[in-house]
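**Q** Sequence first, predicted coordinates after that:
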Amino acid sequence: MIKYTPANQLTLENFSHPFEMELSPENRWVKLAKEMPWDNLAAEYVKKLSNNSGRESIDVRMVIGALVAKHQLRLSDRDTVAMISENLYLQYFCGLKSFQSKEPFHPTVFVDIRKRMGLQEFDAWNAQIAKRADALRPEKSKTITTMQKPGCDAENKNLNNPETGRTAKNKGTLKIDATVADQNIVYPTDAGLLGRARKESERMIDLLFKQSNLATKPRDYRRVARKEDYNFSTNRKKHGKTIPKYIRKQLSYLKRNLGYIENLLDTSTADKRNTTLPGAFSGQKDPYPERFPLPYRDQKIYWVLQHICHQQLYMFQEKTHSVENRIVNIYQPHVRPMPRGKDKNKTEFGAKISASESDGISRVEHLSWDNFNEAGDLILQVEEYQQLYGHYPETLLADRIYLNRENRKWLTEKEIKIVGKPLGRPPKVRLSAYKRRKLKQQQNQRNLIEGKFGQGKNKYGLSNIRSRRKDTSESWIGAIFFVMNLVKLLKIADQYAIFCALFENYCFVSIRSMKNQFIQTKNLIASQTNQKYLYLTSSAT
């Protein structure tokens, strides 16, 4: 069952609370609640819910508001729920009709929300924010073709249609770039990864030994391994042979432990076939003797440990530092190293995303946990722009890696202006100073999307994704871009309010001055008429 409170049923004046002071309409949450397209966002969210089965859901507006508050304030799941229960303005923003001190839902609900909301759903929300922002702008500054004239949807459907031969005029500027959203993991090293893997294998040996009927535990030399690990970690000056020697020993420990785990798993299964159940079911055998003795989490870790052992053994024998699908974290095996060549971090660990920005609204068109060439996303990003705004961009700003021959040819066919250094040799005729200055100004506009990445990483934690699952991490990234677009929407609304106030003041002053001029002209005409009448009267006498 779907529960949702429509936006038109909530007003700031009707929000009841036990305090004497009235809520300020200038609060940021009140202003943001006024500008957000709640109904459109809720319509996208309820597509993941069922209206005919299940218990009543949490209010959809509460879900959307809690997501915005979590990433806007950069809080944990528990702190977000506590903040909503303590803040009057947040409760109004989330759709409550009166103040309540209890928590609106349990913090673990955020995990279910992140599983439900993928990158595609957040992109649909970003499209609604782009339409709302375009509706707030003046008529000449609008970008979306279908919103320029009401009632012209049928006509706009024929635009960019090869059958009709009509094409919409290119408009706007599209800026594209790629970055990496770093995961919140320990910086991976071969030595540290093998040390952690050895400890996990020792824990599994203890767990399986308790379930078996063996008299003695397998000898794993964990005391010796721990002492070597301690000496290696406390050694600040590690020489050339120190690291390979440590890796070789840890590999031998890990390989031996994995063999012990395999034998214990076989022994545990054989024991279950022969032993009887205790307690009230004594005398009966286990109906599921083939059931895996490790829980699901440990099964996954055991699978990861085997892959880490194979990969590290291959790199040690081949004396290399790269391998296909390299695992850098035991608990997040989907994370891959991303060589970026930056001055600060030459290698980053997280999801690589291709994003675009237009008029302050940013979107994520492609996300992958494996490294890829971002030049292949240019056509996709331009087509996504055309689907949202109804026309292709007039200008494209991109890094040099995007502007290869194939992409340049495609952009030329679509009559999209390319701002960047041309391929081939430099021209013999040097550009004038005015053209060089203008070209540099246009190229500098690409820095806006770099600023978006900086805003996301410094302000909203795009460089520290704290979710551990693959799908929830993608949802976390999508939520960050959604919140950044909401911040931009609020700025556009404030600018539009200032513009309207100035225009209204200008109109009021203009009408008042026209009224004064009319009164002055009327008085002047009346005085002249009076003087003429007195003159005629005196002449007659």
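**A** Received, thanks.
**Q** alpha carbons only for contacts and neighbour counts from here, please
**A** Noted.
**Q** Run through the helices of the stretch 351-500 of the chain in chain order.
**A** In the stretch 351-500 of the chain, the helices defined using DSSP state H, counting those that start in this stretch lie at 378-389, 405-413, 433-444, 447-458, 470-540.
**Q** All the helices of the stretch 1-150 of the chain, residue numbers only.
**A** 28-35, 38-45, 60-73, 77-86, 88-93, 109-116, 119-136.
**Q** any chance of those in JSON lines, with mean neighbour count and distance to Val382 too?
**A** Shown next, in JSON lines, are the helices of the stretch 1-150 of the chain (neighbours: other Cα atoms under 10 Å; distance: least, Cα to Cα, whole Å):
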{"stretch": "helix 28-35", "mean neighbour count": "18", "distance to Val382": "28"}
{"stretch": "helix 38-45", "mean neighbour count": "17", "distance to Val382": "23"}
{"stretch": "helix 60-73", "mean neighbour count": "21", "distance to Val382": "28"}
{"stretch": "helix 77-86", "mean neighbour count": "19", "distance to Val382": "36"}
{"stretch": "helix 88-93", "mean neighbour count": "23", "distance to Val382": "35"}
{"stretch": "helix 109-116", "mean neighbour count": "16", "distance to Val382": "28"}
{"stretch": "helix 119-136", "mean neighbour count": "21", "distance to Val382": "14"}
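**Q** Indicate which one of the ones you listed is closest to Asp220.
**A** For these, the distance to Asp220 is smallest for helix 109-116, at 38.1 Å, taking Cα to Cα.
**Q** which residues of the stretch 101-250 of the chain score low on pLDDT?
**A** 139-142, 145-168 (pLDDT under 70).
**Q** need the strands for it, in chain order.
**A** 173-182 (DSSP state E, counting those that start in this stretch).
**Q** now the helices of the stretch 1-150 of the chain in CSV, with distance to Gly360?
**A** Formatted as CSV, the helices of the stretch 1-150 of the chain follow (distance: least, Cα to Cα, whole Å):
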stretch, distance to Gly360
helix 28-35, 16
helix 38-45, 19
helix 60-73, 17
helix 77-86, 27
helix 88-93, 23
helix 109-116, 25
helix 119-136, 9
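**Q** nearest to His310, of those helices?
**A** helix 109-116 (31.6 Å).
**Q** what's next to the closest one, contact-wise?
**A** By Cα atoms under 8 Å, 6 or more residues apart in numbering, the residues outside helix 109-116 that reach it are 48, 63, 77, 471-472, 475-476.
**Q** Which members of the residues you listed define the maximum pairwise distance?
**A** Lys48 and Asp77 (21.5 Å).
**Q** any idea how far Gln100 is from Arg203?
**A** 46 Å (Cα to Cα, to the nearest Å).
**Q** Ok, Arg436 next?
**A** 61 Å.
**Q** higher neighbour count, those two?
**A** Gln100 (17 against 12; other Cα atoms under 10 Å).
**Q** can you pull the contacts of that one?
**A** Contacts of Gln100 (Cα under 8 Å, 6+ apart): Ser85.
**Q** And it, how far from Thr5?
**A** For Gln100 relative to Thr5 (Cα to Cα), the value is 17 Å.
**Q** Same check on Ala493?
**A** Here Ala493 is placed at a distance of 24 Å from Thr5 (Cα to Cα).
**Q** neighbour count winner among the two?
**A** Applying other Cα under 10 Å to Ala493 and Thr5 shows that Ala493 carries more neighbours, namely 21 against 18.
**Q** residues touching the more buried one, list them.
**A** 35, 133, 136.
**Q** rerun that using 10 Å as the cut-off
**A** 31-32, 34-35, 132-133, 135-137, 487, 499 (Cα atoms under 10 Å, 6 or more residues apart in numbering).
**Q** repeat for Phe316
**A** The neighbourhood of Phe316, defined by Cα under 10 Å, 6+ apart, consists of 190, 244, 247-248, 251, 310.
**Q** That one and His239, how far apart?
**A** 17 Å.
**Q** Ok, Tyr402 next?
**A** Look at Tyr402 and His239: by Cα to Cα, they are 42 Å apart.
**Q** And those two? Which one has more around it.
**A** A direct count of neighbours by other Cα under 10 Å for Tyr402 and His239 places Tyr402 higher, at 20 against 9.
**Q** what residues are up against Gln332?
**A** 183-185, 301, 304, 467-470 are the contacts of Gln332 under Cα under 10 Å, 6+ apart.
**Q** That should have said Ile465, apologies.
**A** By Cα under 10 Å, 6+ apart, Ile465 lies in contact with 181-185, 350-351, 457, 472-474, 476-477, 480.
**Q** so what are the domain limits for the chain?
**A** 7-116, 144-184+342-481, 190-318 (automatic domain parsing).
**Q** Give me the pLDDT value at Asn447.
**A** Asn447 is assigned 87 on the pLDDT scale.
**Q** wait, what's in contact with it?
**A** 175, 177, 397-398, 453.
**Q** Out of the residues you listed, flag the one nearest to Thr216.
**A** Closest to Thr216, out of all of the contacts of Asn447 and judged by Cα to Cα, is Phe453, at 56.4 Å.
**Q** since we're on the closest one, how many residues are nearby?
**A** Applying other Cα under 10 Å, we find 22 other residues in the vicinity of Phe453.
**Q** cool, Met315 as well?
**A** Met315: 14 surrounding residues under other Cα under 10 Å.
**Q** wait, what's in contact with it?
**A** Neighbouring residues of Met315 by Cα under 10 Å, 6+ apart: 190, 321-323.
**Q** That one sits in which helix or strand?
**A** helix 296-318 (DSSP states H and E).
**Q** And that helix, what's buried?
**A** 301-302, 304-305, 307-309, 311-313, 316 (16 or more other Cα atoms under 10 Å).
**Q** likewise stretch 387-395?
**A** 388-395.
**Q** nearest residue to Thr173 other than its sequence neighbours?
**A** Using Cα to Cα, 6 or more residues apart in numbering and skipping the chain neighbours, the partner closest in space to Thr173 is Thr395 (4.8 Å).
**Q** what sits opposite that neighbour in the beta ladder?
**A** Thr173, Lys417 (DSSP bridges).
**Q** Tell me where the stretch 201-350 of the chain has helices.
**A** Counting by DSSP H, counting those that start in this stretch, the helices of the stretch 201-350 of the chain are 222-234, 242-274, 296-318.
**Q** before we move on, back to that, can you pick out the most distant pair from the contacts of Asn447?
**A** Top of the distance list for the contacts of Asn447 (Cα to Cα): Leu397 and Phe453, 15.6 Å.
**Q** buried stuff in the biggest strand by length in the chain?
**A** Criterion DSSP state E: the longest strand present in the chain is strand 347-358. Neighbour counts over strand 347-358 (16+ other Cα under 10 Å) mark 348-358 as buried.
**Q** How about the contacts made by the closest residue to Lys414 other than its chain neighbours?
**A** For Lys414, ignoring the flanking residues on the chain, the nearest one in space by Cα to Cα, 6+ apart is Tyr392 at 7.6 Å. Neighbouring residues of Tyr392 by Cα under 10 Å, 6+ apart: 160, 167-174, 382-386, 411, 414-416.
**Q** I'd say Glu121 and Glu44 touch.
**A** Yes: with contacts counted by Cα atoms under 10 Å, Glu121 reaches Glu44, the gap being 7.1 Å.
**Q** okay, and the common contacts of these two?
**A** Joint contacts of Glu121 and Glu44 (Cα under 10 Å, 6+ apart) do not exist.
**Q** Please name the residues that touch the spatially closest residue to Glu228 that is not a sequence neighbour.
**A** Once flanking residues are discounted, Glu228 sits nearest to Tyr246: 7.9 Å by Cα to Cα, 6+ apart. Tyr246 is in contact with 190-191, 194-195, 225, 228-229, 232, counting by Cα under 10 Å, 6+ apart.
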